[in-house]
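Trainee: generate a structure from the sequence data that follows.
(one chain, ligands or ions: 2)
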Amino acid sequence: MRTIEEHRREIIALLGGVAATGEAEELSVSATEMAAHPERYAQRILATDLIAPSSLPAFDNSQMDGYAVLSSDLATASTDAPVALTVAPRIAAGDTFGTHAPGTATPIMTGAPVPEGADAVVQIERADPPAFFDDDGVTRTVAFGEAVPTGQFVRAAGSDVGEGDVLLTVGTVLGPAHFGVIAGTGATSVPVRRRVRVLLVSTGHEIREPGSALEPGQIFDANSSALTAALLAIGCAVTPVPCRSDDAEDLLELLAQEAAAVDLIVTVGGVSAGAREVVRDALGPLGVEFMKVAMQPGGPQGFGIASVPGAGGRASVDRPVISLPGNPVSALVSFEAFLRPALLTASGARTTSRELRRGVVAEAFDSPPNHHQLRRGLVRGDGTLELVGGPSSHLLHSYAGSTVLVHVPVGVSSVSAGDELDYWRIDG
Ligand SMILES: Nc1nc2c(c(=O)[nH]1)N[C@H]1C(S)=C(S)[C@@H](COP(=O)(O)OP(=O)(O)OC[C@H]3O[C@@H](n4cnc5c(N)ncnc54)[C@H](O)[C@@H]3O)O[C@H]1N2
Ligand code: MOO
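Mentor: Numbering: from 1, shown residues only. Ligands and ions are numbered 1, 2, ... in the order given. Reported below is the predicted structural model:
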């Protein structure tokens, strides 16, 4: 039996050739566009390094509401011997660049350009009086009771990023601060990777659309929703088309209709050892291989490049296929172990794996020694790991109550309270 790591490497290699790798599209960073098309903005990955088209800040500006001063004017200032300066006309954020005369104090607001000739700002609370005068043309003085260092409360041009510097690097998953800094430098759009398009086919004669009237023996389709959510969360474009049949012909017909428009086909269910296994039956002859991975849940897996015949006499298309087992926990754990890292790699993301942490187990439990087990769990307030539910792969509600997947490696048959194990956080 192959190991979880070997299988992951094969799945990553399989998706290496997915068409979206390297393809870019321009994404507007306009707030109006974002609000109008929110679906375009989730989990976007930068396709190239971005060079800053301008500096941030663009000019020296004030960090405080107060007075712009020449620091040498206040060199002798002390509580006992304050220095009085003549109050100059006020400058607000948005006002143009001004000049500052020695011996004066220029009232300045946060974000306003520091006038040429001033080299420091004193916040209004440290001035005497500690409030602004009306800007009414009357000549007044303001006193300062302490010296100030050059540059105090001046936000220097380029102190955040300089024009021509690397603003963001390829593979960055764009979040609020990234969009903000791109817009702040004046860029109107960014090149992002095209989304990987996934056809998601949950299979089985028993599955029905939630909300429909169930006949005895039928169940609601949980996998389409779970896997669609998982794929959307990593930035894929998903086409969920269930095959509610165990007949290979039905699955082949569905694939003939849908395969050409996607980069990857993910099937769920129909891969184990039943009398009829729709995915094995339909895709085995097209080039997909089925095997057992030494993991639990998620043992039965399939993958390969399928040559899918086109509908209505159209030419066949070759598409990578990943076939996950149908038990809902097995499908989601397989997503975490294989699909997620492979798709993030194919999408060009810089971070492709869950953060691996180590924790102390709160309770004893057994594990099948020939399998790498992934148990669902929680991190308690004291940092210890608590399992949620048993190992069975139908316990989707237990999975929903979990925030971590705990790794129990091959070779371990029992775990004692106090043992340390690796785990992935899956709640992010
Ligand atoms: N004789 C053997 N039987 C089984 C083996 C084996 O090695 N030998 N492996 C077991 C393991 S492990 C798994 S995992 C499953 C995988 O089975 P399939 O991939 O063929 O999946 P199905 O049989 O179609 O379904 C399994 C289970 O999950 C339910 N299911 C399927 N689709 C959905 C859905 N969309 N929403 C909710 N639930 C779904 C289905 O009704 C079954 O209960 O095989 C074991 N058997
Ligand atoms: O491997 Mo299956 O996924 O145990 O239920």
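Trainee: Leu332 reaches Ala400, doesn't it?
Mentor: No. With contact defined as C-beta atoms under 8 Å, Leu332 does not reach Ala400; the gap is 9.8 Å. C-beta coordinates here come from the backbone N, C-alpha and C atoms, glycine included.
Trainee: between those two, which one's more packed in?
Mentor: Using other C-beta atoms under 10 Å as the criterion, Leu332 and Ala400 rank with Leu332 on top: 29 against 13.
Trainee: what distance do you get for the residue of the chain at minimum distance from ligand 1 to ligand 2?
Mentor: The minimum distance from the chain to ligand 1, using C-beta to the nearest ligand atom, falls at Gly326 (2.5 Å). As judged by C-beta to the nearest ligand atom, to the nearest Å, Gly326 and ligand 2 stand 9 Å apart.
Trainee: neighbours of that residue, how many?
Mentor: Neighbourhood size, Gly326 [other C-beta under 10 Å]: 25.
Trainee: what's the closest non-adjacent residue to it?
Mentor: Gly269 (2.8 Å; C-beta to C-beta, 6 or more residues apart in numbering).
Trainee: over to Asn327?
Mentor: The nearest residue in space to Asn327 (C-beta to C-beta, 6+ apart) is Ser393, at 3.7 Å.
Trainee: tell me if I'm right that that neighbour and Pro328 touch.
Mentor: Yes. Using C-beta under 8 Å, Ser393 is in contact with Pro328, at 7.4 Å.
Trainee: who has more neighbours, the two?
Mentor: Neighbour totals were compared for Ser393 and Pro328, and Pro328 leads with 25 against 21 (other C-beta under 10 Å).
Trainee: which bits of the protein sit near ligand 1?
Mentor: 202, 204, 206-207, 219, 221-224, 269-274, 277, 297, 299-300, 325-328, 330, 393 (C-beta under 6 Å from any ligand atom).
Trainee: and the stretch 301-428 of the chain, which of its residues are near ligand 2?
Mentor: So far as C-beta under 6 Å from any ligand atom goes, the stretch 301-428 of the chain lies against ligand 2 at Pro325, Asn327, Ser330, Ser393.
Trainee: farthest pair within those?
Mentor: Pro325 and Ser393 (7.6 Å; C-beta to C-beta).
Trainee: what is in contact with those two at once?
Mentor: Shared contacts of Pro325 and Ser393, defined by C-beta atoms under 8 Å, 6 or more residues apart in numbering, comprise Pro297, Gly298.
Trainee: the residue nearest to Leu46 when sequence neighbours are not counted - how many residues pack around it?
Mentor: The shortest distance from Leu46 to any non-neighbouring residue, by C-beta to C-beta, 6+ apart, is to Thr172 (4.5 Å). Applying other C-beta under 10 Å, we find 20 residues neighbouring Thr172.
Trainee: pLDDT at Thr172, what is it?
Mentor: At Thr172, the model reports a pLDDT of 96.
Trainee: let me see the contact set for it.
Mentor: Ile45, Leu46, His178, Arg350.
Trainee: separation between it and Arg40?
Mentor: 17 Å (C-beta to C-beta, to the nearest Å).
Trainee: also Pro300?
Mentor: Counting by C-beta to C-beta, the gap from Pro300 to Arg40 is 36 Å.
Trainee: neighbour count: those two, which is higher?
Mentor: Pro300 (24 against 14).
Trainee: my guess is the more buried one contacts Asn327, does it?
Mentor: No. Between Pro300 and Asn327 there is no contact under C-beta under 8 Å: 9.5 Å.
Trainee: tell me what the helix or strand containing Ser224 is packed against?
Mentor: Assigned by DSSP states H and E, Ser224 belongs to helix 223-233. With contacts taken as 3 or more C-beta pairs under 8 Å, 6 or more residues apart in numbering; DSSP states H and E, helix 223-233 sits against strand 197-202, strand 237-240, strand 264-268, helix 328-334.
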